[in-house]
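[1] Structure, please.
(3 chains)
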Amino acid sequence: MAKRVLMKGNEVIAEAAIRAGCRSYFGYPITPQTELMHYMAKSMVKAGGTFVQAESEVAAINMVYGAAAAGGRALTSSSSPGISLKQEGISYIAGAELPAVVVNIMRAGPGLGGIQTSQGDYFQATKGGGHGDYRNIVVAPASIQELYELTVESFNMADRYRMLVMILGDGTLGQMMEPVQFRDKEPIEKTDKSWAASGRCGRAEHNTITSIYIEPDDLEAKNNALQAKYELVARNETRFETFNIDGAEIVFTAFGTTSRICKNVIRQAAALGIKVGMVRPITLWPFPSEEIARVAGLDSVKAFFDVELNAGQMVEDVRLAVNGRKPVYFHGRMGGNMPTQKEILDKLVAIHKGEVR
Amino acid sequence: MAIVFEKTKGLTDKPLHYCPGCTHGIAHRIIAEVMCEIDILENTIGVSPVGCAYNNYEYFSCDMVQAAHGRAPAVATGIKRTVPDKYVFTYQGDGDLASIGTAEIVHAAARGEKICVFFINNTIYGMTSGQMAPTTLVGQVTTTSPFGRDADTQGYPINVSELLAPLTGAKYIERVALNNFKNIQQAKKAIAKAFRVQKAGLGFSMVEFLSTCSTNWGKEPVESLRWLEENMIPQYPLGVFKGKDLEV
Amino acid sequence: MAKVSFREDRCKGCGLCVSVCPKKILQLDKNRLNSKGYHPVYCADQASCIGCTFCAVQCPDSVITVEK
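    Just a heads-up that it's a prediction; the model follows:
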């Protein structure tokens, strides 16, 4: 299918996963990601893979755990409240070092919340959500084309590092439609899965997939090994986009579809003679702290302006990276609302005039 | 003289950590024996529970996957759908299967997942020191029913085999016991039949093993076997609840 | 004729084998402890063993080997 197609975000993820060699999908309906499951119900079956509508999001993440343990590429998707349900399974996947991809098309919370767009799960995705010292790779695409490419790459990264990769999309991304240019052939990485529990078949030792190490010394050693892996991932896989940084006085930090609104505001600000740039993290973990720190050190930069669809989550990581060198301002909308270009521009102008504390 | 009974190769040589007289050891052994006798050890993946048997991935010689509490049927679903030509079994206790895992076991059975579930029913929670289980008998004393299970406030035991039998996807369900030679031999036959049902691709099978927990029942091992016979079998009758006449 | 032998260091002295032996020839040795600190099983009358394997089948720890 090497043509340009107009597709909805939720469906692109499903199509990309199948193209990336994913042959197991386990899901449960929840707005606003259900189209992904519907697409999989047809396409995964046509591709000869496994499609199961599980009894709950809990069951679905555990089916992913099993499929990954047996050496398969497996996917589950949900939205915020369902991702909360999956946290135990996510911690187990991290502890057992299984490759898996989980999609969160975020809706507004907390609790049952609303069904419209949000970025309120940044903390949950990057700081745990599940118990214990673990990390997941978290990617935040900002366009349907990027969503397609990052979905394919997520499966490769998952296998490469035996880690869970979370595709964190705001609700808007799941629902919107844009043209996608598919490649003729996907870059599917082949990884050694001789560790998998897929049947001994003459192997000298039986394989075990587990996350329990009852002796403290054993568990500490395991944790140290995980941390070393995460450091390697941070060195190799940190992704971000910078826009208009040269000579910028104010620098936006934003992820997902909010970054697109900010880009438009940058153009509007230029017309007013205010030089504005942006750092857009693409991996939320590993977070591009080094790049933000570098930008914070530039003489031209007077302030950072973080815009999110939440009460202020990524802004904490921005502040840590900026480390007090420059002020960091924040603007957030919640409940499913999105900021207008005007309200962001008005605040930016006020920041520029020194009117915001 | 020839050897007529020796330790099976289906078990590793790691000493079992279970309490003296715990029938987990018997259940493990006969599952391992059957896997060797029908020559499926190399092509089987088992799923370990949370409970006393959490680490039975160290005892079985086949590939093993440890699962979150109650989720073994979902994990087994993921494994079986990925490597459908392999045999997949779960091994679960009464908390794992009948309490936290109620949704997972019902739906794996309803979907007719081609897995074997080995359910160890000893009417109590072992690992966490003796709490009431969904299978605890009315009047039975546990750490969370210290005055005896009061039906009015704490409900009645669940007969899991009978609960699942009406589901169309459940093709073979039998309850057995580990309290004597005859029952253990019948249990072995049930395990073998369950694997044959899986091989034939018919659907879900389960063997419920009535078992003991000397430590938390506060009884000696021999006394525990008697208690099983006198108290558990009346509540949990032995026999086939589904698939009695299956030709496998 | 038949013979039982025991992997004594694996015995937990649970007594199940003693209780199921139809010839009543198994005992726990109360005079000593094995390396685990249990009174291990022994056969008090090997000549009477009929090799029925009841003991080995009831043993949770694969302690017993039976020959016939």
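
[2] Does the nearest residue to A:F287 once chain neighbours are set aside belong to a helix, a strand or coil?
    In this structure, A:F287 finds its nearest non-sequential neighbour in A:D317, 5.1 Å apart by Cβ to Cβ, 6 or more residues apart in numbering or on different chains. Where you see a C-beta, it was placed from the backbone N, CA and C, and this is true even at glycine. Under DSSP: H, G, I helix; E, B strand; the rest coil, A:D317 falls in the helix class.

[3] what do you get for A:I30?
    coil.

[4] With B:Q92 instead?
    Per three-state DSSP, B:Q92 ends up strand.

[5] contacting residues around residue 36?
    Answering for chain A, as no chain was given. Going by Cβ atoms under 8 Å, 6 or more residues apart in numbering or on different chains, A:L36 touches A:10-11, A:13-14, A:27, A:77, A:103, A:105, A:174.

[6] Actually, chain B is the one I wanted.
    B:8-10.

[7] Now list the buried members of these.
    Neighbour counting with 16 or more other Cβ atoms under 10 Å in any protein chain shown marks B:8, B:10 as buried within the contacts of B:C36.

[8] Check the residue nearest to A:F287 and give its pLDDT.
    On the pLDDT scale, A:D317 is placed at 98.

[9] Kindly list the main-chain dihedrals of the single nearest residue of the stretch 1-150 of chain A relative to chain B?
    The nearest approach of the stretch 1-150 of chain A to chain B comes at A:G66, 2.5 Å away (Cβ to the nearest Cβ). For A:G66, the backbone dihedrals are phi -70, psi -50 (criterion: degrees, to the nearest 10).

[10] In the stretch 101-250 of chain A, which residue sits nearest chain C?
    A:H206 (17.5 Å).

[11] For that residue, what is the enclosing helix or strand?
    In this assignment (DSSP states H and E), A:H206 forms part of neither any helix nor any strand.

[12] From A:G95, how far off is it?
    20 Å (Cβ to Cβ, to the nearest Å).

[13] ok, now A:D192?
    A:D192 is 21 Å from A:G95, by Cβ to Cβ.

[14] Please say which of these two ends up with more neighbours.
    Using other Cβ atoms under 10 Å in any protein chain shown, the more surrounded residue of A:D192 and A:G95 is A:G95, with 22 against 7.

[15] Now do the SS call for the more buried one.
    Going by three-state DSSP: A:G95 is helix.

[16] Count the neighbours of A:D184 for me.
    6.

[17] Find the nearest non-adjacent residue to B:T215, please.
    B:C19 (4.8 Å).

[18] what's the helix or strand for that neighbour?
    Going by DSSP H and E, B:C19 is not part of any helix or strand.

[19] Which residues are in contact with it?
    B:213-215, C:12.

[20] List buried residues within the residues you listed.
    Using 16+ other Cβ under 10 Å, the buried members of these are B:213-215, C:12.

[21] residues contacting the residue of the stretch 101-250 of chain A closest to chain C?
    A:H206 neighbours (Cβ under 8 Å, 6+ apart): A:200, B:12, B:60-64.

[22] what about A:R325, neighbour count?
    Using other Cβ under 10 Å: A:R325 sits among 14 other residues.

[23] Can you tell me the SS state at it?
    Per three-state DSSP, A:R325 ends up coil.

[24] Distance check, it against A:V251.
    Relative to A:V251, and taking Cβ to Cβ, A:R325 is found at 12 Å.

[25] that older thread, ok, of the contacts of A:H206, which one's closest to chain C?
    Among the contacts of A:H206, and counting by Cβ to the nearest Cβ, the member closest to chain C is B:T12, at 10.8 Å.

[26] coming back round to it: the residue of the stretch 101-250 of chain A closest to chain C and B:V65: what is the separation?
    A:H206 is 11 Å from B:V65, by Cβ to Cβ.

[27] swap in A:R357?
    55 Å.

[28] More neighbours: those two, which one.
    A direct count of neighbours by other Cβ under 10 Å for A:R357 and B:V65 places B:V65 higher, at 29 against 5.

[29] What's opposite that one in the beta bridge?
    A:I209, B:V47 (DSSP bridges).

[30] leaving aside the residues next to it on the chain, what's closest to A:Q313?
    Leaving aside its sequence neighbours, A:Q313 sits nearest to A:Y122 (Cβ to Cβ, 6+ apart; 3.8 Å).

[31] Identify the bridge partners of the spatially most central residue of chain B.
    For chain B, the residue nearest the mean C-alpha position is B:F119 (2.1 Å; Cα atoms, centre = their mean). As for beta bridges, B:F119 partners with B:Q92, B:E208 under DSSP bridges.

[32] go on, A:V138?
    Bridge pairing for A:V138 - DSSP bridges - gives A:M166, A:W285.

[33] ok, it to A:P179 distance?
    Distance from A:V138 to A:P179, by Cβ to Cβ: 26 Å.

[34] need the contact list for B:N55.
    A:210, A:212, A:214, B:17, B:48, B:66.

[35] Three-state assignment for the residue in chain C that chain A sits nearest to, please.
    Proximity of chain C to chain A (Cβ to the nearest Cβ) peaks at C:S62, 17.5 Å away. Here C:S62 is coil, with the state taken from three-state DSSP.

[36] Helix or strand: which one has the closest residue to it other than its chain neighbours?
    Nearest non-adjacent residue to C:S62, counting by Cβ to Cβ, 6+ apart: B:K7, 4.0 Å away. B:K7 belongs to no helix or strand when assigned by DSSP H and E.

[37] Can I get stretch B:196-206 in CSV? Just the C-alpha atoms.
    The C-alpha trace of stretch B:196-206 is given here as CSV (Å, rounded to 0.1, in the frame of the first residue of the first chain):
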residue,chain,number,x,y,z
ARG,B,196,-5.9,-34.7,24.7
VAL,B,197,-8.8,-32.2,24.6
GLN,B,198,-6.3,-29.5,24.0
LYS,B,199,-4.6,-31.5,21.3
ALA,B,200,-7.9,-32.1,19.5
GLY,B,201,-8.5,-28.3,19.6
LEU,B,202,-11.9,-28.7,21.2
GLY,B,203,-11.7,-25.9,23.7
PHE,B,204,-11.2,-25.2,27.4
SER,B,205,-10.5,-27.9,29.9
MET,B,206,-10.1,-27.8,33.7
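
[38] how about it: buried residues?
    So, applying 16+ other Cβ under 10 Å, buried residues of stretch B:196-206: B:196-198, B:202-206.

[39] ok, now stretch A:262-273?
    Neighbour-count burial for stretch A:262-273 [16+ other Cβ under 10 Å]: A:262-263, A:265-266, A:268-269.

[40] Please apply the same query to stretch B:3-13.
    Going by 16+ other Cβ under 10 Å, stretch B:3-13 has these buried residues: B:5, B:7-8, B:10-11.

[41] Could you do stretch A:315-323 as well?
    A:315-319, A:321-322.

[42] now B:T143: how far from chain A?
    22 Å (Cβ to the nearest Cβ, to the nearest Å).
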